[in-house]
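>>> just coords:
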């Protein structure tokens, strides 16, 4: 087990390092941001001077070396705009992102797994057909449009829920439902097809031949086997929910990491972007690490001795 | 001997969209208590479908018993509800399947899987259940049974898994054990061990067994009586000695002739010419007529009834009254 943890920790470090390196160079392709931070009438000399201060006039490999050296010590520099610690700004946004991602995940699991299991069990029934059709719609709806639709309905027309901002459970409802819709559809389809596959297996027939009642056949014997691939999908999607909820965060003005990253990217506030990428890559790797442990828990065949 | 299982005039249809095929036609046979009945035939002749029907395990939406009855221990299986079937399966009738590698659930321990039928059918305490499981595992020749119950299927070899499958089937001491090609997936030495084990268990208990196989060697080794199936119907039924010494149906004769012999070294082995007709290609006459070297005009136009010569039955016109056969249905 220790061996496994050490090996996986090394992998996490490599993944994070590669992600940072890629983003570091890609973001520099967008050009030198110095001028953006200064008033339009700033003289060329002043811009040069400022560039000198920020270090953007040095060769790229020197900048990269310095960045890596500092990053190893946990220093991602200061925001070019506000002068605050870049990592600090990202970390401050993290709780809001977690809140949104986990509530969306919770909602989607709560709905999609029972729905998928039931659809598989009642294959080709009216219920199954409606469920499949609904998942197609759920996957096809763009989240910004669904978000606007929900705002229009629940915030504007009925004034039931706030349209934007964060801070309370009430604020959480619309964005998490919006974010969950896609996952619900995806997980339901996946659960359904995995269950259909498992229900055809020889060992299900064996259980049936030993007199197992239908309920335990589906919920015990089949579901535990289906969970193996479902966990993988959920882990991958949780990574996306944590790092990629940008659109939903924008629509609902949710104060999360995604929105901060997008704004910083538009402002070319490099330190914040890199700190954000660091955090997201790190969380993504950790989530996958946890998924692997869970995976071993449900699948004895890969359990680490 | 009394009849434990009677299959009378069984007909089964499969539906796939609008197309209907009938893989089982007018199948009749009985299993007496305490005997091992062999069902032999080539792939697709309906052996497995018949056994699944006896277990009530045919897929309910796509298949249907259109005619006939399956009477087990004086109860009509074909009329039972799913609930009633659940009470019988694993309890009074058990089944061992062909594929030990995939027939055990990979995410539950052997103990957890063996626990289930006992929970379902017997009122035992947890300790008694565990004792019973260990007892049965030892009965089927599994060493270190106490440890095996905490292991997962992938930790066991194929032969061991098949032993576990057998113990799963034996747990509740069923009256009838259906073994559907129990040794096909195993290598030869393990095959012999498993067959020996099954034979011993049947001899020790008063259980009956329906042994489904395509291997005549297995039949000769194991069974008391044999039913030969061809294209969804029973073509011959006899005691093992009688069948091997004096096969009546040309198909059975062909099968026996196809067995490689130890004494001769021929370049090519004998095989029955032609192919088994698909269920939808069957016409009016005998299903075997197109491959039969003795086929006459009558064989092509009318399906033969069952004729019996003493205790030996076969569905073939060659046995009609002119040679002393008795029309038996």
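Everything's here; your move. This structure is a prediction, so every number in the text was calculated from the model and none was measured.
>>> And the helices in the chain?
Using chain A. A:2-28, A:44-54, A:60-72, A:86-121, A:126-140, A:143-150, A:169-199, A:202-209, A:214-216, A:223-243, A:246-251, A:257-267, A:270-298 (DSSP state H).
>>> switch to chain B, that's the one I care about
B:47-55, B:82-88, B:110-121, B:126-139, B:145-148, B:158-170, B:188-204, B:216-222, B:240-245, B:250-258, B:297-301.
>>> Ranking helices and strands of chain B by mean pLDDT, which lands last?
strand B:326-327 (a mean of 72; mean pLDDT, DSSP states H and E).
>>> which helices and strands does it pack with?
In terms of contacts (3 or more C-beta pairs under 8 Å, 6 or more residues apart in numbering or on different chains; DSSP states H and E), strand B:326-327 is packed against strand B:307-309. C-beta coordinates here come from the backbone N, C-alpha and C atoms, glycine included.
>>> beta partners of whatever residue of the stretch 201-329 of chain B ends up closest to chain A?
Nearest to chain A in the stretch 201-329 of chain B, going by C-beta to the nearest C-beta, is residue B:210, at a distance of 13.3 Å. Taking DSSP bridges as the rule, residue B:210 bridges to residue B:37, residue B:178.
>>> right, and it touches residue B:178 too?
Yes: with contact defined as C-beta atoms under 8 Å, residue B:210 and residue B:178 form a contacting pair (4.7 Å).
>>> so what sits against both of these two?
Residues touching both residue B:210 and residue B:178 (C-beta atoms under 8 Å, 6 or more residues apart in numbering or on different chains): B:51, B:54.
>>> who's in contact with residue B:260?
Residue B:260 touches residue B:269, counting by C-beta under 8 Å, 6+ apart.
>>> Quick check on it: phi, psi?
Backbone torsions for residue B:260, taken as degrees, to the nearest 10, come to phi -70, psi 140.
>>> Please report the distance of it from residue B:268.
Using C-beta to C-beta, to the nearest Å, residue B:260 is found at 11 Å from residue B:268.
>>> what's the answer for residue B:10, then?
38 Å.
>>> again, but for residue B:29
Counting by C-beta to C-beta, the gap from residue B:29 to residue B:268 is 34 Å.
>>> The stretch 201-305 of chain A against chain B: which residues are in contact?
Selection of the stretch 201-305 of chain A residues close to chain B by C-beta under 8 Å from any C-beta of the partner chain yields A:201-214, A:216, A:221, A:224-225, A:228, A:298-301.
>>> Leaving aside the residues adjacent along the chain, what's closest to residue 75?
Since no chain was named, I'll use chain A. Leaving aside its chain neighbours, residue A:75 sits nearest to residue A:87 (7.6 Å; criterion: C-beta to C-beta, 6 or more residues apart in numbering or on different chains).
>>> Let me rephrase: I mean chain B.
In this structure, residue B:75 finds its nearest non-sequential neighbour in residue B:88, 7.8 Å apart by C-beta to C-beta, 6+ apart.
>>> ok, now which ones touch the one you found?
A:211, B:56, B:72, B:75, B:77, B:80.
>>> Give me the neighbour count for the fourth one.
Other residues within reach of residue B:75, judged by other C-beta atoms under 10 Å in any protein chain shown, total 12.
>>> In chain B, which residue sits closest to chain A?
Closest approach between chain B and chain A, counting by C-beta to the nearest C-beta: residue B:90, at 3.4 Å.
>>> Pull the contacting residues for that residue.
Counted by C-beta under 8 Å, 6+ apart, residue B:90 has contacts A:209-212, B:117, B:120-121, B:168-169, B:171-172, B:174.
>>> do the same with residue B:285
Residues in contact with residue B:285 (C-beta under 8 Å, 6+ apart) are B:299-303.
>>> Restricted to buried residues, select those in ChimeraX.
With 16 or more other C-beta atoms under 10 Å in any protein chain shown as the criterion, this ChimeraX line picks the buried residues out of these:
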select /B:299,303
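>>> List just the nearest of the contacts of residue B:285 to residue A:263.
Relative to residue A:263, the closest of those is residue B:303; by C-beta to C-beta it sits at 82.8 Å.
>>> just checking, which of the contacts of residue B:88 belong to strands?
Mapping the contacts of residue B:88 onto strands (DSSP state E) picks out B:72, B:75.
>>> Would you tell me which of the helices of chain A gets closest to residue B:143?
Closest to residue B:143 of the helices of chain A, according to C-beta to C-beta: helix A:202-209, at 22.9 Å.
>>> Just the residues contacting that closest one, thanks.
With C-beta under 8 Å, 6+ apart as the contact definition, helix A:202-209 has outside contacts at A:198, A:216-217, A:221-222, B:55, B:57, B:89-90, B:94-95, B:97, B:99, B:102-106, B:113, B:116, B:165, B:168.
>>> ok, of those residues, which come out buried?
Using 16+ other C-beta under 10 Å as the burial test, these include A:198, A:217, A:221-222, B:55, B:57, B:89-90, B:94-95, B:97, B:99, B:102-106, B:113, B:116, B:165, B:168 as buried.
>>> what's the angle between the helix or strand of chain A with the lowest mean pLDDT and helix A:270-298?
Least confident helix or strand of chain A, by mean pLDDT, DSSP H and E, is helix A:44-54 with a mean of 82. Relative orientation of helix A:44-54 and helix A:270-298, computed by axes from the mean of the first three to the mean of the last three C-alpha atoms, to 10 degrees: 30 degrees.
>>> Can you give the distance from helix A:44-54 to the centre of its chain?
38 Å (C-alpha atoms, centre = their mean, to the nearest Å).
>>> quick one, phi/psi of the residue of the stretch 51-200 of chain A found nearest chain B?
Per C-beta to the nearest C-beta, residue A:124 is where the stretch 51-200 of chain A lies closest to chain B, at 8.1 Å. Phi and psi for residue A:124, reported as degrees, to the nearest 10, are phi 70, psi 10.
>>> shaky segments in the chain?
Looking at chain A here, since you left the chain open. Applying pLDDT under 70 to chain A flags residues A:1, A:244, A:303-305.
>>> I was thinking of chain B, sorry if that wasn't clear
For chain B, the stretches with pLDDT under 70 are B:1, B:264-267, B:321-325, B:328-329.
>>> Give me the distance between the residue with the largest distance to the centre of chain B and residue B:133.
Relative to the centre of chain B, the most outlying C-alpha is that of residue B:127, 34.6 Å out, by C-alpha atoms, centre = their mean. To residue B:133, residue B:127 is 11 Å away according to C-beta to C-beta.
>>> show me the contacts for residue 71.
All of this refers to chain A. Counting by C-beta under 8 Å, 6+ apart, residue A:71 has contacts A:20, A:274, A:278.
>>> that's the other chain; I wanted chain B
Neighbour list for residue B:71: B:5-8, B:77 [criterion: C-beta under 8 Å, 6+ apart].
>>> Out of the residues you listed, which end up buried?
Taking 16+ other C-beta under 10 Å as the criterion, what is buried in the contacts of residue B:71 is B:5-7, B:77.
>>> if we can go back for a sec, Throw the helices of chain A into TSV and include distance to residue B:39, thanks.
Listed next are these as TSV, based on distance: least, C-beta to C-beta, whole Å:
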stretch	distance to residue B:39
helix A:2-28	50
helix A:44-54	85
helix A:60-72	72
helix A:86-121	33
helix A:126-140	37
helix A:143-150	59
helix A:169-199	28
helix A:202-209	17
helix A:214-216	29
helix A:223-243	32
helix A:246-251	62
helix A:257-267	65
helix A:270-298	39
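>>> Which one, of the ones you listed, ends up nearest to residue B:193?
Between residue B:193 and these, the tightest spacing by C-beta to C-beta is seen for helix A:202-209, at 21.0 Å.
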